[in-house]
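Asks: dropping the sequence and predicted coords here.
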Amino acid sequence: MAKTTITAVKARQILDSRGRPTVEADVMLEGGAMGRASVPSGASTSRSEAHELRDGDAASYFGRGVSRAMANVAEEIAPLLRGRDADDQAGIDGALQALDGTPRLERLGANAVLAVSLAICRAAAEAGREPLYRRLGALAGAGDPMLPLPMVNILSGGLHAGRGMDVQDFLAVPLSAADYPTALHDIIRVRAAAEDVVDRYGAPVLLADEGGLSPGCPSAEIALGLMVEAIERAGLTPGRDIGIAIDVAATSLLGADGSYALSREGRSLDSAGMIETVAGWVGRFPIVSVEDGLHDEDWSHWPELTRRLSRIQVVGDDLFSTNPERIRRGMDLGAANSVLIKLNQNGTLTGTLDALATARAGGYSTVVSARSGETGDSFMSDLAVGAVGGQIKIGSVRNTERLEKYNQLLRIAEEPGVSYAGARFLAGRRGP
Ligand SMILES: O=C(O)[C@@H](CO)OP(=O)(O)O
Ligand SMILES: [Mg+2]
């Protein structure tokens, strides 16, 4: 038996940043190495992402328990993996997918499968005495490791903030910082200034799920104005030092009649109206990236949105659901120019690396992203560096489950041979 032979796989229930149960897995290897990983959970989910298995039994954590997912690890996944080589990540992920037998991992649960898939990678890295990002770099075959450009949540709305604003995320993107620690420092200045600005605006300084401020502005323009004010108040120049990114999360704006409900503004829009509205925001504010400006099945209008916003980055999150097939479909249509990458939308590490490679091969930029319900696991930070994601979206700089990931990037920044992406991978042809 090799030292990377799997001897035991175990799952437990832990709590995520919303105080809800999630799955953590431990994988033990013959040589004594151990890998542990846990999985996050989204609130604004797409209809095609991998399936998060919940008990649905009202008595168990309000129906959100994960005992069935844990049982699937103990009864099916562990027996399958015992005796296999943890070095064979792709083979193992393929076997897990085959064991499940459904495209969205509905039977075993993507939460069960992903926790194990990531723990195996950690165990193999540990056995090889290499940092996780190096192991991920080898699996991805993506070239030299590179720290990603962070896009950082400052103001929150949508399902992350009790629908206090229609748009889910207003983020700051550090454009001029030459290295990652400086980029983070610039963001912290903007965040501190935003607290003052929100206070002076007269809104209570309330925190949303990802630690963003939740001023409940009645329109996106007002929130964008607060963003500009915060950047200036921090002594930085909007559009030059700091750009603004937004995640419209339009799938969660969908009303029963199929229109987009901007409830705070008292407006209901069709797809063309949404495109006009978003293009209007981009024309008036220093926005460098727009995510999910339309919903996850609005394929026929995404190309038009992308043409209208071609000077900036147009990110598909729910649209692509970290699914290589959907990414290819988008490329054929000319939908978006950038892909949000979420490990648990895909369900396995190998599948996620495939999504990254598919995006890159088609010339789309990538943004490795956290979920609104997170754990302290910083796997995604190593993924963004090792697989050269180029950009990362973690949430605000105020919650431990987010800071673990920003801080892991600070640790990796000390390592030799790791450069910083800066704004070079931001998609879109900027300029006049
Ligand atoms: O929409 C998103 O991009 C994510 C993270 O902000 O939210 P959720 O995890 O709720 O899907
Ligand atoms: Mg999103």
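Replies: Everything's here; your move. Ligands and ions are numbered 1, 2, ... in the order given.
Asks: interface residues of this structure facing ligand 1?
Replies: Within the chain, the positions lying close to ligand 1 (Cβ under 6 Å from any ligand atom) are 42-45, 169, 247, 249, 317, 369, 371-372. Backbone N, C-alpha and C define where each C-beta goes, glycine included.
Asks: who does the residue most central in space within the chain bridge with?
Replies: What sits nearest the mean C-alpha location of the chain, by Cα atoms, centre = their mean, is residue 369, with 1.7 Å. Going by DSSP bridges, residue 369 is paired in beta bridges with residue 393.
Asks: and the spatially closest residue to residue 303 that is not a sequence neighbour, how many neighbours?
Replies: Of all residues not flanking residue 303 in the chain, residue 334 sits nearest, at 4.4 Å (Cβ to Cβ, 6 or more residues apart in numbering). Counted with other Cβ atoms under 10 Å, residues neighbouring residue 334 total 13.
Asks: swap in residue 206?
Replies: 15.
Asks: the one 3 residues further on now?
Replies: Residue crowding around residue 209 was assessed by other Cβ under 10 Å; the count is 24.
Asks: correct me if wrong, but residue 182 is in a strand.
Replies: No - Residue 182 is assigned helix when assessed by DSSP: H, G, I helix; E, B strand; the rest coil, not a strand.
Asks: ok, residue 165 touching residue 217?
Replies: Yes - taking contacts as Cβ atoms under 8 Å, residue 165 lies within contact range of residue 217: 5.5 Å.
Asks: okay, these two: which has more neighbours?
Replies: residue 165 (28 against 23).
Asks: backbone dihedrals for residue 290, both of them.
Replies: phi -130, psi 120 (degrees, to the nearest 10).
Asks: in which helix or strand does residue 258 reside?
Replies: Under DSSP states H and E, no helix or strand contains residue 258.
Asks: quick one: residues contacting it.
Replies: Not one residue lies near residue 258 by Cβ atoms under 8 Å, 6 or more residues apart in numbering.
Asks: from residue 349, how far out is it?
Replies: Here residue 258 is placed at a distance of 36 Å from residue 349 (Cβ to Cβ, to the nearest Å).
Asks: go on, residue 150?
Replies: Taken as Cβ to Cβ, the span from residue 150 to residue 349 is 22 Å.
Asks: now do the shared contacts for residue 165 and residue 217.
Replies: What both residue 165 and residue 217 touch, as defined by Cβ under 8 Å, 6+ apart, is the set 155, 223, 264.
Asks: which one (most neighbours) among the residues you listed?
Replies: Of the shared contacts of residue 165 and residue 217, with other Cβ under 10 Å as the count, residue 155 tops at 31 neighbours.
Asks: surely that one touches residue 164?
Replies: No - at 9.8 Å, residue 155 does not count as touching residue 164 under the criterion of Cβ under 8 Å.
Asks: mind checking the SS state of residue 72?
Replies: Strictly by three-state DSSP, residue 72 counts as helix.
Asks: list the contacts of it.
Replies: Taking Cβ under 8 Å, 6+ apart as the test, what residue 72 contacts is 53, 107-109, 112.
Asks: kindly recompute the last result at 6 Å.
Replies: 108, 112 (Cβ atoms under 6 Å, 6 or more residues apart in numbering).
Asks: same check on the one 5 residues further on?
Replies: Counting by Cβ under 6 Å, 6+ apart, residue 77 makes contact with residue 116.
Asks: am I right that it is in a helix?
Replies: Yes - using three-state DSSP, the secondary structure at residue 77 is a helix.
Asks: dihedrals phi and psi, the residue of the stretch 301-432 of the chain found nearest ligand 2?
Replies: Nearest residue of the stretch 301-432 of the chain to ligand 2 (Cβ to the ion) works out as residue 317 at 3.6 Å. With angles defined as degrees, to the nearest 10, residue 317 sits at phi -110, psi -80.
Asks: against ligand 1, how distant is the nearest residue to residue 403 once chain neighbours are set aside?
Replies: Excluding the flanking residues, the one nearest residue 403 by Cβ to Cβ, 6+ apart is residue 397, at 6.6 Å. Remark: distance between residue 397 and ligand 1 (Cβ to the nearest ligand atom, to the nearest Å) = 14 Å.
Asks: report the buried members of the residues of the chain next to ligand 1.
Replies: 42-45, 169, 247, 249, 317, 369, 371-372 (16 or more other Cβ atoms under 10 Å).
Asks: now the helices for the stretch 151-300 of the chain?
Replies: Using DSSP state H, counting those that start in this stretch, the helices assigned to the stretch 151-300 of the chain run over residues 180-201, 220-233, 271-284.
Asks: which one of those lies nearest to ligand 2?
Replies: Comparison of the helices of the stretch 151-300 of the chain against ligand 2 by Cβ to the ion identifies helix 271-284 as nearest, at 14.1 Å.
Asks: show me what the closest one is packed against.
Replies: Helix 271-284 sits against helix 302-308, with contacts defined as 3 or more Cβ pairs under 6 Å, 6 or more residues apart in numbering; DSSP states H and E.
Asks: in the helix it packs on, what's buried?
Replies: Those would be 302, 304-306, 308, for helix 302-308 by 16+ other Cβ under 10 Å.
Asks: equivalent analysis for stretch 144-153, please.
Replies: Those would be 145-153, for stretch 144-153 by 16+ other Cβ under 10 Å.
Asks: please apply the same query to stretch 307-315.
Replies: Those would be 308-309, 312-315, for stretch 307-315 by 16+ other Cβ under 10 Å.
Asks: now stretch 21-34
Replies: So, applying 16+ other Cβ under 10 Å, buried residues of stretch 21-34: 21-31, 33.
Asks: could you export these to a markdown table, including columns for pLDDT and secondary structure?
Replies: Output for these, formatted as a markdown table (pLDDT from 0 to 100; DSSP: H, G, I helix; E, B strand; the rest coil):
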| residue | pLDDT | secondary structure |
| --- | --- | --- |
| 21 | 96 | strand |
| 22 | 98 | strand |
| 23 | 98 | strand |
| 24 | 98 | strand |
| 25 | 98 | strand |
| 26 | 99 | strand |
| 27 | 99 | strand |
| 28 | 98 | strand |
| 29 | 98 | strand |
| 30 | 98 | coil |
| 31 | 97 | coil |
| 33 | 98 | coil |
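Asks: mind putting the buried residues of stretch 144-153 into CSV with distance to residue 411?
Replies: Formatted as CSV, these follow (distance: Cβ to Cβ, whole Å):
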residue, distance to residue 411
145, 13
146, 15
147, 11
148, 14
149, 18
150, 15
151, 20
152, 18
153, 22
